[in-house]
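Participant: Got a predicted model here, sequence first, then my questions.
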Amino acid sequence: MSLKSKYNPTESELEILQLLWKNGPSTVRFINEKQNEVKAVGYTTTLKIMQIMAEKGTLDVNKESRQHIYTPALDEDETKGKLLDGFLKKTFSGSAMKMVMQALGNHKPSKEELDEIKNLIKEIENKSKK
């Protein structure tokens, strides 16, 4: 099993990954500026975390120019899927229904969200019939 297949990012690492997935390859300065739109994070803190992530192999870094450009080495959907699977197993004993019921009970979904949920259920039902 490779490091990437069992990698479980910390909260800070996941925050950086999400910014890179959203914005594409970026410098440390850019990522730090985006972090500071939400909360104060020191540049050296962001730099150190991103360097550690590169050492772990979860970020690729292009050092050809003066400003290093970082790119996620992890696939977004695969990483989120693994994190969700782990959360589901640990928190809801593996029951997707319990998780969905809890989420809907804690958050009043909009009509649009409910319509999307209904469409997703129909898609899943149609796939299971095949």
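Facilitator: It's in.
Participant: show me where the chain has strands.
Facilitator: 59-62, 69-72 (DSSP state E).
Participant: What mean pLDDT does the first one get?
Facilitator: This points to strand 59-62. With pLDDT averaged residue by residue, strand 59-62 scores 95.
Participant: Need the winner for burial among the strands of the chain.
Facilitator: Stretch with highest mean neighbour count among the strands of the chain: strand 69-72 (a mean of 18; mean count of other C-beta atoms under 10 Å). From N, CA and C alone the C-beta is placed, and that goes for glycine too.
Participant: Which other helices and strands does the longest helix along the chain contact?
Facilitator: The helix that spans the most residues within the chain, counting by DSSP state H, is helix 111-129. Using 3 or more C-beta pairs under 8 Å, 6 or more residues apart in numbering; DSSP states H and E as the contact criterion, no helix or strand is in contact with helix 111-129.
Participant: Can you give the contact residues for it?
Facilitator: Around helix 111-129, the neighbours that count as contacts under C-beta atoms under 8 Å, 6 or more residues apart in numbering are residue 109.
Participant: heads up, I number from 25, so please use that
Facilitator: I'll keep to 25 as the first residue from here, and by that count the last item is helix 135-153.
Participant: Including distance to residue 49, could the strands of the chain go into TSV?
Facilitator: What follows is these, written out as TSV (distance: least, C-beta to C-beta, whole Å):
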stretch	distance to residue 49
strand 83-86	7
strand 93-96	4
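Participant: can you tell which of those is closest to residue 68?
Facilitator: Closest to residue 68 of the strands of the chain, according to C-beta to C-beta: strand 93-96, at 15.4 Å.
Participant: Can you give me the separation between residue 84 and residue 62?
Facilitator: 25 Å (C-beta to C-beta, to the nearest Å).
Participant: Kind regards, and thank you for your time.
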